[in-house]
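> okay, predicted coordinates and the sequence, questions at the end:
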Amino acid sequence: MSTAAIGFLYAGATLGAMLSGIPIAFALGFVALAFMVAFMPGASLDTVAQNVYEEMASITLLSIPLFILKGAAIGRSRAGQDLYSAMHAWMHRIPGGLGIANVFACALFAAMAGSSPATCSAIGSAGIPEMRKRGYSPGFAAGIIAAGGTLGILLPPSITMILYAVAAEQSLGRLFLAGIGPGLLLVGLFATWSMIRFRSEYATAKAILENGGPTSPILTDDQYSMAQRFSTLPRVLPFVVLLTGVMVALYGGYATPSETAGLGGLLALGLIAAIYGVWRFRDVSPILTATLRESTMLMLIIGMSLLYAYVMSYLHISQAAAQAIVAMQLSPWLLLLTILALVIVLGFFLPPVSIILMTAPIILPPLKAAGFDLVWFGVVMTITMEMGLIHPPVGLNIFVIKNIAPDIPLSDIIWGTLPFVLLMAVAIFILCLVPGIAMWLPDLLLASTR
């Protein structure tokens, strides 16, 4: 059987396994093992455990469960709600300030937790009821939180970036730095849209009131004294200091990513113990359980994805696919557009972890040959995968929002997120025009180490 035929069979079997409802890790592992039996020497089955272990024996991957521990410690305390309250108190005078406060709270929490679902849950559980109480439409409120949560895989410490660094063999420090500029760009775009949408809803509510209709809470002007504003800071500042300290330790060269993750996890546990009194075993146990559950699930997906990629490489499927892409002789930008379209389609079915590990052997060699910086592409690919977190049919953040606000119709949530999907596409276009937005910090780091 030709390599092309095996490749199409491999893709079809994978799609069938995914659509069957089998968990992703088991679906990938089942397909990989089936093709090892059918097309590889029998002795290859004896080396499955060894191959998976060798692929996962990366010190960089060790940082994943440690960053998850830090995120779980922060996400399962009141840190998210306190952060949101502080942002609202300081930004309420800006038109749409409540929505913008949620965007900024999501960005800061994402930078501390490194997880999109955790960010959605922590900020959304407080932010969505508050926005709706103040007259924001349900879809608008849900869209802000769902989109803000996606920043968790772009801003450091991003677990998705860690996996991309392993798959692309790129510097994790440079990737983390490359995500900061585009992350701030997205924050700015989201905040701008929040302001525009708020003005529209405010004008509609005002027109209804002037025509004799009922008043809307969105017309209410909240007031906070300076004393009230400063009173929100004591519980928030320690976590901001934690974030700053972790970044300084990592980018200052004082600690490796794994050491930084461990330090962040321990400090986060210490902070929630000191600030919120979370130190007894019955309080800490849910945090450790959630960390163990999420880490086990993620590492199992990583292991099976790496085995899947190994089989794909052994059967020359990835090499043949890469050669076929090169043989199409597409211009560099058309090649990039084609690959990003593929990532968007895969985002309908797969989480970012699987997309990276399954596609990296195929798409990275042609992109490198076309002259694209793989660190820059890692940022662009991450934003593209962010779109997958909030677009149907299986956008993960959509269902997280549905879980914390079950009375909001799913259709309203989807329509509320679509403007943010378009804003992400705009951000990608801007990064293509001005790649320095992503690369100036990594280049600065590279220059300082010479």
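Great, that's in hand.
> what ranges does the chain have for its strands?
Taking DSSP state E as the criterion, the chain carries no strands.
> low-confidence stretches in it?
55, 80, 114, 221-222, 349, 393-394, 445-450 (pLDDT under 70).
> which helix runs longest in it?
Longest helix in the chain, counting residues (DSSP state H): helix 172-210.
> can you map out the helices along the stretch 151-300 of the chain?
With DSSP state H, counting those that start in this stretch as the criterion, the stretch 151-300 of the chain has helices at 159-168, 172-210, 226-231, 237-251, 257-276, 281-314.
> between those, which gets nearest to Pro41?
helix 281-314 (9.8 Å; Cβ to Cβ). (Each C-beta comes from the backbone N, C-alpha and C, glycine too.)
> quick one: the closest one to chain centroid distance?
How far helix 281-314 lies from its chain's middle: 16 Å, per Cα atoms, centre = their mean, to the nearest Å.
> please renumber so the chain begins at 13
Taking 13 as the first residue, the last one we looked at is helix 293-326.
> helices or strands up against that helix?
Counting by 3 or more Cβ pairs under 8 Å, 6 or more residues apart in numbering; DSSP states H and E, the packing neighbours recorded for helix 293-326 are helix 36-51, helix 60-68, helix 75-87, helix 329-339, helix 364-381.
> deepest-packed of these, please.
helix 75-87 (a mean of 26; mean count of other Cβ atoms under 10 Å).
> centroid residue for this protein?
Ile165 (2.3 Å; Cα atoms, centre = their mean).
> circling back: mean neighbour count, the helices of the stretch 163-312 of the chain: which tops it?
Per residue and on average, the most neighbours among those fall to helix 171-180, with a mean of 25 (mean count of other Cβ under 10 Å).
> JSON lines for the helices of the stretch 163-312 of the chain, including distance to Leu57?
JSON lines is the format used below for the helices of the stretch 163-312 of the chain (distance: least, Cβ to Cβ, whole Å):
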{"stretch": "helix 171-180", "distance to Leu57": "24"}
{"stretch": "helix 184-222", "distance to Leu57": "33"}
{"stretch": "helix 238-243", "distance to Leu57": "63"}
{"stretch": "helix 249-263", "distance to Leu57": "40"}
{"stretch": "helix 269-288", "distance to Leu57": "32"}
{"stretch": "helix 293-326", "distance to Leu57": "11"}
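> which one of these lies closest to Ile112?
Ile112 lies closest to helix 184-222 among the helices of the stretch 163-312 of the chain, at 4.6 Å (Cβ to Cβ).
> and that closest one, how far from the chain's centre?
Chain-centre distance of helix 184-222: 17 Å, with Cα atoms, centre = their mean.
> could you say what helices and strands it packs with?
Judged by 3+ Cβ pairs under 8 Å, 6+ apart, helix 184-222 is in contact with helix 109-125, helix 150-161, helix 171-180, helix 249-263, helix 386-402, helix 422-445, helix 448-461.
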